[in-house]
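> got a sequence here, can you build the structure:
(4 chains)
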4 protein chains.
Amino acid sequence: MARIGLLTSGGDCPGLNAVIRACVLRGIRIHGDQFVGFADGWRGLIEGSTLELDWKSVRGIGGLGGTILGTSRTNPLGDRGGVERIASNLRVLGVDALIVIGGEGTLAVANILSNSAIPIVGVPKTIDNDLFATDFSFGFHTAVEIATEAIDRLKTTGESHHRCMIAEVMGRHAGWIALYAGMATSAHAILIPEQKASIEDICEWVEGPVRRGRPPLVVVAEGFLAKGMSEPHSERGLDAFDRPRLGGIGEHLAPIIEERTGIETRSTTLGHIQRGGAPCATDRVLCTRLGLAAVDAVHDGAWGQMVATRGDEIVRVSLADSVGRLKTVPQSRYDEATYLFG
Amino acid sequence: MARIGLLTSGGDCPGLNAVIRACVLRGIRIHGDQFVGFADGWRGLIEGSTLELDWKSVRGIGGLGGTILGTSRTNPLGDRGGVERIASNLRVLGVDALIVIGGEGTLAVANILSNSAIPIVGVPKTIDNDLFATDFSFGFHTAVEIATEAIDRLKTTGESHHRCMIAEVMGRHAGWIALYAGMATSAHAILIPEQKASIEDICEWVEGPVRRGRPPLVVVAEGFLAKGMSEPHSERGLDAFDRPRLGGIGEHLAPIIEERTGIETRSTTLGHIQRGGAPCATDRVLCTRLGLAAVDAVHDGAWGQMVATRGDEIVRVSLADSVGRLKTVPQSRYDEATYLFG
Amino acid sequence: MARIGLLTSGGDCPGLNAVIRACVLRGIRIHGDQFVGFADGWRGLIEGSTLELDWKSVRGIGGLGGTILGTSRTNPLGDRGGVERIASNLRVLGVDALIVIGGEGTLAVANILSNSAIPIVGVPKTIDNDLFATDFSFGFHTAVEIATEAIDRLKTTGESHHRCMIAEVMGRHAGWIALYAGMATSAHAILIPEQKASIEDICEWVEGPVRRGRPPLVVVAEGFLAKGMSEPHSERGLDAFDRPRLGGIGEHLAPIIEERTGIETRSTTLGHIQRGGAPCATDRVLCTRLGLAAVDAVHDGAWGQMVATRGDEIVRVSLADSVGRLKTVPQSRYDEATYLFG
Amino acid sequence: MARIGLLTSGGDCPGLNAVIRACVLRGIRIHGDQFVGFADGWRGLIEGSTLELDWKSVRGIGGLGGTILGTSRTNPLGDRGGVERIASNLRVLGVDALIVIGGEGTLAVANILSNSAIPIVGVPKTIDNDLFATDFSFGFHTAVEIATEAIDRLKTTGESHHRCMIAEVMGRHAGWIALYAGMATSAHAILIPEQKASIEDICEWVEGPVRRGRPPLVVVAEGFLAKGMSEPHSERGLDAFDRPRLGGIGEHLAPIIEERTGIETRSTTLGHIQRGGAPCATDRVLCTRLGLAAVDAVHDGAWGQMVATRGDEIVRVSLADSVGRLKTVPQSRYDEATYLFG
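The predicted structure follows:
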């Protein structure tokens, strides 16, 4: 029996509620736990803004998008926070252990807190799938399904108008969504941050299908930069997570491709629809299993670890070994895709 | 028995193939007709680029997006075209009658051709639903379903982050998609070209739900202009149909709303995904019925008319009475929606 | 300002919650009304089981399937009920007017209550679309979308295996779902209660596409009876609404078609998935408008009337003129479809 | 450079076309191969019914359901077939190697052929996910998504009517679809062939949520048998693959549960919609990668092997080690789910 604190941090991601539900039901039924939810991620922990979570709180939320706890990008180690404050708040609230569900930044904080003897377990979350030490992170499969469905739609417009269609998908540092959605929609070019390509390369990929009477499809990750290109747009002073950007890489490439190839080209930025809404079934199952495993990790005192997927298993890996590293698309996976181009 | 020419013109729209299929099957089976498809709209007619259409050509296309004929925005009355040329090409090809499937511009041309004694029948097409003299135009229901599904996703992100979410949908001159998708997603503000609203009005609508602890949702048609706003962006020299625009009204409004209300605000432009891909069932049925009726109109010699929906009936209306007029959202329909705001 | 009772009765139908939400928001905001929900349809009214409905109760339910009020098939004029009891309960609860959302049976009861001076307004509901005096009833469009998506899936299996696929859809007395879903999926035969067809007719329709190398698709409404067939199955003693039936018409026809034509034939009964879950956007808009109109009808004292759709208008029609009549598929609509068969 | 024969065998499965496309494009572009497709599985190979497959044949099929090659359940080792005949036909057609895409039965045949020195590579296919030696088989994720979406719909009907809803999904020998779809929809009972449960157990699981005011959801695999139950229905003399069965286990359980618990209970059999139609994005990617790997295996002379998934890798495993064994749901995975019941 433990009193466990739960928080969701960072950008919205399909499946957060399924993780929360699984934690709470498993904890209550198997271990006799109590659960305290912190409102809006670290903010709630810093400010002591909490919700009691019983089984009724999580009723019917397994398939719902969003997070009943709210989320924010508050940095808990900033001015008003700090390790001391967090430890003190947990003590006051009688919280024995913390489960944090979040991305790179959140897991890095979790690692720091763990090093300061705060009993903490992580659940990795990113639709970009670029977290190290887990085969897949939840939300990713949903994002790929959404992007694929949207790109399927763009393709018919490309065919009707004999246009080159560009779809810009999420992926600031890693091109997993672009790789998967591009392969699923038979793209003629997949442009990802891991792989530099010149405008000449891109135009050649675009002209291949045109020569065979087919409308070209380009799927580009937001973080892609063409060889020789400097960052194509200002960041508007926003924090790095505030995606999508105004006038991104797709909008940047469209007129260049059109001018060089003579092929009418249009870009669509899929944006936030990739990261909101109901999780697909695969993500719901993954989230449920991660939630169960996180609670069990608490009861095993597996502090400083996060739950992760390896094959069809849920495993535990050390936060210390996971944070600060990025899982990018390996050359072999990119090559698989490129052999289908042109 | 007639030899009928078919063309699809203007922007891609879900259901074009279903219209083509219904025309061809009805014509062949009931009237013993032959069909000639013109490639890429008026371009094929001007240049004599044709496809023979038998029943095999239309096999299995009823549920497919796009148009097997291709489409373009070629103006047939421009330099290389003209009434004479069209009449002459039809004569040479032995085409007895023409069915044109297109929007405002195409139907206006059809009217001109009809006035020059070319036997022509129109099928109105626009996802914007702003064609006069038809209750609904095909593609509209599909666009509304797509927009609604996407906005549902944006809403969970708004809830998780306590943000104001703006969804920009299509609708340059009329706000039908915004009205329907906004009502379907319980928007707190629906901004359409027909209804001026000041930035103050908009901010008030946004603050209403915030006061009740709810994230605000704004659905804005691309053609909306706030009171006192001048056209917020250049047209890039593109033809008026080349939507969506780079940095549209949604992107324009987001920082203004955020600054005035203090509520974090993000905009997503749905763009081309609204106009491509497979038609929903409602549109497939509508398109099939319009196609059947268009062929029957040819055999009745109903020249200069277009097929249209009235209630659950398919009727014929004069092109002369329909073109040059826009069906905008009436005040009463807008009022229905606004009573749910705030 | 009024105190209005609300109930939903009969089978589940996508859009019930959207009607409830629109009633409550419109009533509270425009007219200063109060709302009392009755639990599980007439049962709640007979037994005095109620829920207070304020704006919080209807928050976020516009796109949700089901009914927050619950529903049942309780007959309010049966043993424990009766007009007197209803009138008395409404008096005790201080309810000034009643809005009932239901199908044929419910509207017939509403008419009887209205004749006994109970102030009542109806909202017609049936996924079958067979209610008289309204162009469309809500839930129908959603059912057609679901059925179409499912049948699209069955078609690929038919193609891969060169099989005849039969899809049995809802429609006990009228074939609207079969007509729409069949037309949307390019069925080779659409079998509906309104149109008798012999086994020979059906086999001929099935053999037509086979001769052209295409797998046949049959869409059959549950209420269809082939010429010369007697009711193919017992009713299991269930009330007439308890659909789908064990081993329905599709299962009945499959072996007969297979034996006579030599074409391998499989049937799938879509069943309850047609009537549950989230409403499509078209139904959400329709429901919202019906709910608004129902509350306005209450304030106009339009007792004994129901709100209905005519074209794109919401109108009022007399319950007395509507109940006891069925809107079946007219010959002309069926003929439209059959010309595409074979 | 090789001349490679391709066939798809057994029941329809989402993703077959994506495998075919990837094989053909990879082979043509990288290895300069030629491809011969056999019509309708082994039948085409026995009867010499073939299609030449060039890149145009596979254009645009990556996202389409079904198989452009057709499929059947023909046993190639039966009366008209045999190893000799197959070897001879391949010789006559100049086919150097065979890639067979199919389930247990097909892979067992492939193993026998391989033992007779026919150069063969397998691609495992089953929506049931019960093939040994591969983490996931393609089609499974699509089936789970379809089942989950359908069950989500059934749930609202359960809630509105306070009913117990039973969803019968595919899974004759293994309960993977039931496990995943049941976990994704928060089922209160998941009944699978691997786990016997008594009617008493089931009724207890059903009564748990009822006591907390929630409608129970039961997801049952078609192959489940309750303790003490004998096979509940005849097999109609059909071959074991001809699913779904007339009046399956769901229909069998519903009245028993209703009688014992007093809770109104309805069953829906999802049937063929689970195995047809377009593959989800996850399956499209998986199929593409399996296809690429199969062609590479041919060029490596990896005869008698099949391509398989392990984690996020594609690996090769020996057919001899894979066939004749079933991958069932392990106790630990079932336990994960059951802790959420009740």
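
> which residues touch the closest residue to chain C within the stretch 201-342 of chain A?
Nearest to chain C in the stretch 201-342 of chain A, going by Cβ to the nearest Cβ, is A:Ala278, at a distance of 9.7 Å. (C-beta placed from N, C-alpha, C; glycine too.) Residues in contact with A:Ala278 (Cβ atoms under 8 Å, 6 or more residues apart in numbering or on different chains) are A:Pro14, A:Gly63, A:Leu64, A:Gly65, A:Thr142, B:Arg153, B:Thr156.

> now A:Ile263
Per Cβ under 8 Å, 6+ apart, neighbours of A:Ile263: A:His162, A:Arg163, A:Cys164, A:Val206, A:Glu207, A:Val210, A:Pro216, A:Ile257.

> okay, domains of chain A per the record?
Following automatic domain parsing, one finds the domains of chain A at A:3-128+A:279-322, A:140-276.

> distance from the helix or strand encompassing A:Ala181 to the middle of the chain?
If you go by DSSP states H and E, A:Ala181 is part of helix A:176-184. Averaging C-alpha positions (Cα atoms, centre = their mean, to the nearest Å) puts helix A:176-184 14 Å from its chain's average.

> now the helices for the stretch 201-342 of chain A?
A:249-261, A:281-299, A:319-322, A:331-338 (DSSP state H, counting those that start in this stretch).

> list the buried ones in the first one?
So the one you mean is helix A:249-261. For helix A:249-261, burial by neighbour count (16 or more other Cβ atoms under 10 Å in any protein chain shown) applies to A:Ile249, A:Gly250, A:Glu251, A:His252, A:Leu253, A:Ala254, A:Ile257, A:Glu258, A:Thr261.

> how far off centre is it?
28 Å.

> and it, does that touch chain B?
Yes: applying Cβ under 8 Å from any Cβ of the partner chain, one finds that helix A:249-261 is in contact with chain B at A:Glu251.

> list the contacts of that helix.
Against helix A:249-261 from outside (Cβ under 8 Å, 6+ apart): A:164, A:166-168, A:191, A:199, A:202-203, A:206-207, A:210, A:218, A:220-226, A:232-233, A:263-269, B:246.

> just the buried residues of those residues.
Looks like these have A:164, A:166-168, A:191, A:202-203, A:206-207, A:210, A:218, A:220-224, A:226, A:263-269, B:246 buried, using 16+ other Cβ under 10 Å.

> what about the strands in the stretch 151-300 of chain A?
In the stretch 151-300 of chain A, the segments counted as strands under DSSP state E, counting those that start in this stretch are A:164-169, A:189-191, A:217-221, A:265-269.

> from the contacts of A:Ile263, which is closest to B:His299?
A:His162 (33.0 Å; Cβ to Cβ).

> tell me the predicted confidence for that closest one.
Listed pLDDT for A:His162 reads 96.

> tell me the spatial nearest neighbour of it, not counting adjacent residues.
A:Pro215 (5.7 Å; Cβ to Cβ, 6 or more residues apart in numbering or on different chains).

> now swap in A:Arg325 and tell me
Closest to A:Arg325 by Cβ to Cβ, 6+ apart is A:Phe132, at 3.9 Å.

> contact partners for the one you found?
Counted by Cβ under 8 Å, 6+ apart, A:Phe132 has contacts A:Asp321, A:Ser322, A:Val323, A:Arg325, A:Leu326, A:Lys327.

> neighbours of the closest residue to chain C within the stretch 101-250 of chain A, how many?
Closest approach between the stretch 101-250 of chain A and chain C, counting by Cβ to the nearest Cβ: A:Glu149, at 12.7 Å. Neighbour count for A:Glu149, taken as other Cβ atoms under 10 Å in any protein chain shown: 21.

> and it, that's in a strand?
No: according to DSSP: H, G, I helix; E, B strand; the rest coil, A:Glu149 belongs to no strand; its state is helix.

> let me know the pLDDT of it.
98.

> and the gap between it and chain D?
Counting by Cβ to the nearest Cβ, to the nearest Å, the gap from A:Glu149 to chain D is 8 Å.

> excluding its backbone neighbours, what's nearest A:Thr269?
A:Glu168 (4.4 Å).

> and the one you found, what does it touch?
Taking Cβ under 8 Å, 6+ apart as the test, what A:Glu168 contacts is A:Val220, A:Ala221, A:Glu222, A:Pro244, A:Gly248, A:Ile249, A:Gly250, A:Glu251, A:Ser267, A:Thr268, A:Thr269, A:Leu270.

> quick one: the fifth one and A:Ala221 touch, right?
Meaning A:Gly248. No: applying Cβ atoms under 8 Å, one finds A:Gly248 not in contact with A:Ala221, separated by 9.9 Å.

> who does whatever helix or strand A:Ile101 lives in pair up with?
Using DSSP H and E, A:Ile101 sits within strand A:97-102. Here strand A:97-102 has these sheet partners by DSSP bridges: strand A:3-8 (parallel), strand A:120-124 (parallel).

> which of these sits most buried?
strand A:120-124 (a mean of 29; mean count of other Cβ atoms under 10 Å in any protein chain shown).

> can you give the distance of that one from its chain's centre?
15 Å.

> go on, stretch A:247-266?
For stretch A:247-266, the distance to the chain centre is 27 Å (Cα atoms, centre = their mean).

> cool, and stretch A:60-67?
On Cα atoms, centre = their mean, the centre of stretch A:60-67 falls 17 Å from that of its chain.

> and for stretch A:130-146?
6 Å.

> for stretch A:203-215, same thing?
For stretch A:203-215, the distance to the chain centre is 32 Å (Cα atoms, centre = their mean).

> what mean pLDDT does it have?
On average, stretch A:203-215 scores 94.

> what's that stretch in contact with?
With Cβ under 8 Å, 6+ apart, stretch A:203-215 has contacts from A:155, A:158-159, A:161-165, A:188-189, A:216-218, A:257, A:260-261, A:263, A:265, A:341-342, D:59.

> avg pLDDT for stretch A:323-342?
Stretch A:323-342 comes out at a mean pLDDT of 88.

> one more: stretch A:189-197?
Rounded mean pLDDT across stretch A:189-197 is 96.
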